[in-house]
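[1] Return a 3D structure for these sequence lines:
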Amino acid sequence: MKSIAKILFLFSFLVQPSYLFAQSNSILSEVSTDSIMLTLKELTGAIPITFNNKIYRIETRTILTTGNRIASEYISQKFKQRGLYVENSHFHGKYDNPQLNFTSVTITPGTKFPLWLCTDWGEVFSLENSNADWESRLNSGIPLTDRLDFIQALNKDTVVAIGRTGTLVVTTDAGETWLKKSAAIGQMLDFITSPSGILIAISYNGAIWRSSDFGTTWSRITIDDESTLLQGVFLSNNHVVVVGYDNVSPSLGRMFESKDGGKKWTIVVRNFKNQINTICSTDSMNAWCATSGGEVYLTDTGGDLWEKSVFDEGSSATQIFFNDELNGWIYSTYKEFFHTSDGGRTWKFLSHVESPKTVNDFLFYNKDDGLLVGNEVSKKQTSSGGSLWTDNTLPFLRNVIATIDGTKKPEQYILLTAHSDCTLNSSPTLWLQAPGADDDGSGIAVLLELARVFSKKPLPISLKFAAVPDEEMGFGKGSSNLGTTLLNQSNTCRLVFDFDMVGYDYLYPGSVTMSYYGGDTSAKLFSNYKNILASTHAPLNLFGWKDVTPSNTVGFVKKGIPILGLTEGQGYGSRIQPNYHGISDLWSTINPDYITDITRSAAAFIENIATDLLVGIAEEKNSNSFLPSLILEPPYPNPFNSSTIISFGLPKPAQVSLIVYNLLGQQVAQIAKGFYGEGYHTTSWDAANMNSGIYFVRLTSSDAFSNKIFSKTRKILLLK
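    Modelled structure (predicted):
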């Protein structure tokens, strides 16, 4: 009978809902060195050094100024692939105007929206409607190499963009996926598409390049080697017109047309005065072109007849655009806008636009609303038909924020942050160095790995992940934006945990520093992390740095939220690696085992805190609310090395016994005994003299009035 009782006694312990050890083991095994290394390679262009088919170190380079947006898009896509909900918080940084340019904007035929915008750093944006925000749809190019200069929408799903350096990208699913091709066709002056998908790039020496398979193959066709072609337009699927000027007599405009999709060409016989700079159409019958001398030529007969008018005698047009058969606009080299409301027969001056220095493109999606784009990431909009233009520059930088919802209390969350940083330089040659800015991508690699792991095993409370740029470029705009964005939301942040540079252990091998800020709570969290390191057997020497806050935590400090930060090495100042943010700070050599150990210890720590501290103690310990029943919180840390903290709650005053048993059901320690008041109580078990193994903590409470006995049990694991 005693044996049966003992078996039942043990079984009652084993079926208790405490799975921390199993979870921790599972979390640790989920962390993948290969996954971390892949992130570093993809994000930074890292160079892996292998030996016996194993990566034993990886050298990373920082991301350039133009790479901030590329990094943000990469991180955003990785979060989405892991099934996380992603939001972007855009902001203006100190360096919003690096020498980067919006190059082209286009409207979707028939539906107007979405609008599409491309840049010379290889990014594509879309605007779904006039009340929406611009959304990045493609950002995978190398700055200044994979530039995009022209963009055309064939319909709401198919969009093509091409750059003067030969990069061509195509989407057939409204920007969800893109196919990148190399169009080795040399420099081009304009790029046009037919509704059926014929691509024509207008080149030098009176020639065009034509493709009927979305840029896979091209054929060069010389139209007239005595002319210079500047722009073109498709009036229909097969009817295309190109314009320019005569090389011998540049004051003479030239116009050529093809009615077989650009294969064969004929000259439009007409005495066009001055070179024709620009042309547009709205349908197969109506087209307009404007010259370098202030003239406009218009047709409503599909090009059979051309009628002349004047928009401003002596002015040179750079761009003409018609929204419908009546309303059109011209932008001139004098930075002036002109408008017509009668199909181009009469024109009036609208406005003078002083900036940007160069307007690269403009459009109107109705007779009142339009936008223009230009150099130095400038974008202006109008709602007065072009009479008044206001700055509407797209924020160059953004925080990428991703969320894994908690299973029990999704309104509470732990915030995990890292930098997606770079230097201020933009020359392609500086991919080989990173003077003065050694944010090497290791923090982001840890962040993405934790997102991958916890996306499979959600915790009781939510996890938020934030990739923050602008630490090096402007110093703190990203952090300020992050605090403003998240702290204005209705949910509650319980802890901020930042990962700075956590992969480079050259000077002090195996050392890692945790900075902590937030009084006694943060000190206890530091102690908890130290125990986690011991429990997981991570070969890391931990150093504490009290009252130090990572740069991503502006705003959270003022709210009294506990803040932790991990940094490689033995602290800050003289004890961190000697080139840290110095002029000789060129490369980081990432140790795969080191960064994996940090990721695993962080995963175990986050799991314990989310399960034990924040859901239970941190939320309810200081509450005066009535406890409906006896509560025994999961001990933390668990697994533990030598001591663990145990908290319990009583709905009313009672006699309490808190006892530790081994696997045989034998009592090995009595932690608490006596009369305790209602509410929460905390104690600890010092197991320094105990053997490693599984133990059970049992809380018993007796009611003096009813003589009823209540009990709760938790399983714990001692690892030495």
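[2] Helix, strand, or coil at residue 406?
    Here residue 406 is recorded as coil under DSSP: H, G, I helix; E, B strand; the rest coil.
[3] pretty sure it contacts residue 457?
    No - Residue 406 is beyond contact range of residue 457, at 11.9 Å (criterion: Cβ atoms under 8 Å). C-beta here means a position set from N, CA and C on the backbone, and glycine is covered the same way.
[4] Run through the residues that contact residue 534.
    Taking Cβ atoms under 8 Å, 6 or more residues apart in numbering, we find residue 534 in contact with 640, 641, 642, 719.
[5] Buried ones only from those, please, as a ChimeraX command.
    Buried subset of the contacts of residue 534, written as a ChimeraX selection, criterion 16 or more other Cβ atoms under 10 Å:
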select :640,641,642
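[6] So of the contacts of residue 534, which two are at opposite extremes in space?
    642 and 719 (9.6 Å; Cβ to Cβ).
[7] neighbours of residue 34, just the number please.
    Neighbourhood size, residue 34 [other Cβ atoms under 10 Å]: 10.
[8] For my notes, confirm it occurs in a helix.
    Yes - counting by three-state DSSP, one finds residue 34 located in a helix.
[9] Tell me the pLDDT of it.
    Looking at residue 34, its pLDDT stands at 91.
[10] More neighbours: residue 406 and residue 457, which one.
    A side-by-side neighbour count of residue 406 and residue 457, using other Cβ under 10 Å, places residue 406 first with 21 against 14.
[11] for that one, what are its contacts?
    So residue 406 contacts 412, 413, 458, 459, 460, 461, 462, 463, 610 (Cβ under 8 Å, 6+ apart).
[12] Please repeat the previous calculation with a cut-off of 6 Å.
    Applying Cβ atoms under 6 Å, 6 or more residues apart in numbering to residue 406 gives the contacts 459, 460, 461, 462.
[13] Most neighbours of all these, which one?
    The contacts of residue 406, ranked by neighbours (other Cβ under 10 Å): first place residue 461, 27 neighbours.
[14] the helices in the stretch 1-150 of the chain, which residues?
    With DSSP state H, counting those that start in this stretch as the criterion, the stretch 1-150 of the chain has helices at 2-14, 20-30, 33-44, 67-81.
[15] pull the CA atoms of the third one into PDB?
    Once side chains and other backbone atoms are set aside, the C-alpha atoms of helix 33-44 remain, and they are given as PDB (Å, rounded to 0.1, in the frame of the first residue of the first chain):
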ATOM      1  CA  THR A  33      24.000  28.700 -35.800                       C
ATOM      2  CA  ASP A  34      23.400  28.200 -39.500                       C
ATOM      3  CA  SER A  35      20.300  30.400 -39.400                       C
ATOM      4  CA  ILE A  36      22.200  33.200 -37.600                       C
ATOM      5  CA  MET A  37      25.100  33.000 -40.000                       C
ATOM      6  CA  LEU A  38      22.800  33.100 -43.000                       C
ATOM      7  CA  THR A  39      21.200  36.300 -41.700                       C
ATOM      8  CA  LEU A  40      24.700  37.900 -41.300                       C
ATOM      9  CA  LYS A  41      25.700  36.900 -44.800                       C
ATOM     10  CA  GLU A  42      22.500  38.200 -46.400                       C
ATOM     11  CA  LEU A  43      22.200  41.400 -44.400                       C
ATOM     12  CA  THR A  44      25.800  42.600 -44.500                       C
END
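[16] Going forward, count from 30.
    Renumbered: residue one is now 30, and that last one reads helix 62-73.
[17] buried sites along that helix?
    Residues of helix 62-73 classed as buried: 62, 64, 65, 66, 67, 68, 69, 70, 72, 73 (neighbour count, 16+ other Cβ under 10 Å).
[18] does residue 730 really touch residue 659, like I thought?
    Yes - using Cβ atoms under 6 Å, residue 730 is in contact with residue 659, at 5.4 Å.
[19] Give me the more crowded residue out of those two.
    residue 730 (23 against 18).
[20] residue contacts, that one?
    So residue 730 contacts 659, 683, 685, 739 (Cβ under 6 Å, 6+ apart).
[21] From the chain's centroid, how far away is stretch 658-667?
    Taking Cα atoms, centre = their mean, to the nearest Å, one finds stretch 658-667 lying 38 Å from the centre of the chain it belongs to.
[22] That's all I had, so thanks and see you.
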